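Trainee: Turn this into a structure:
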Amino acid sequence: QVRLVESGGGLVQRGGSLKLSCTQSGRPSMDLDMGWFRQAPGKEREFVAEMSEHGGMIDYADFARGRFTISRDNARHTLYLQMNALNPEDTAVYYCAAGSVTSPSPHDYGYWGQGTQVTVSS
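Mentor: As a prediction, the model looks like this:
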C-alpha cells in the first residue's frame, strides 16, 4: 500500500510563489514514477508535471513550463513542486500521484494523495 500526503498549499497573491511537497510512505519511492496534477472547480483533472523514479525523465504541461519545477528527494521519500509567477488561473486543488509509468494521463497513476488547495488572488 502506498500513501501520499501533500502539503504546502495556501493563499498567495498574483506573481507569488509556493512550494508543494508530497511525502510517500509504504513503498520505496525509487520504485515509483510520480507526478503532479491539478483540478479546478468544474474542470477535469489536468496534468502539471511528472518525473521518473530516478529523475531521468521530466516533463511539464505547457502552462507549467518555465514557471514550475518538479523535483524529488528519494532519501526523504518526498516529491516537490516549486511554483513561481502564479496567477489566478493556477487556482486549483493540486494532487500528487504515483505509478509505474511516467504519463500525462491521470489514468496511468494508481496512487493519489488527498490534494492541497492553492488559491491565487488577483
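Trainee: Point to the residue nearest the middle of this structure.
Mentor: Nearest residue to the geometric centre of the chain (C-alpha atoms, centre = their mean): Trp36, 2.4 Å.
Trainee: Now do the same contact list for that one.
Mentor: Leu20, Cys22, Val48, Ala49, Glu50, Ile70, Leu79, Leu81, Tyr94, Tyr95, Cys96, Ala97 (C-beta atoms under 8 Å, 6 or more residues apart in numbering). All C-beta atoms are positioned from the backbone trio N, CA, C, and that covers glycine.
Trainee: same question, Glu46
Mentor: Contacts of Glu46 (C-beta under 8 Å, 6+ apart): Phe37, Arg38, Gln39, Ala61.
Trainee: beta partners of the first one?
Mentor: In other words, Phe37. Following DSSP bridges, Phe37 is listed with bridge partners Phe47, Tyr95.
Trainee: Any idea how many residues pack against the closest residue in space to Gln1 that isn't next to it in sequence?
Mentor: In this structure, Gln1 finds its nearest non-sequential neighbour in Gly26, 4.9 Å apart by C-beta to C-beta, 6 or more residues apart in numbering. A count of nearby residues for Gly26, using other C-beta atoms under 10 Å, gives 12.
Trainee: Surely Ala75 forms part of a strand?
Mentor: No: Ala75 is assigned helix when assessed by DSSP: H, G, I helix; E, B strand; the rest coil, not a strand.
Trainee: Lys19 versus that one, what's the distance?
Mentor: As judged by C-beta to C-beta, to the nearest Å, Ala75 and Lys19 stand 18 Å apart.
Trainee: ok so, going back, what's the neighbour count on the closest residue in space to the residue nearest to the centre of the chain that isn't next to it in sequence?
Mentor: In this structure, Trp36 finds its nearest non-sequential neighbour in Val48, 4.1 Å apart by C-beta to C-beta, 6+ apart. When neighbours are counted by other C-beta under 10 Å, Val48 registers 26.
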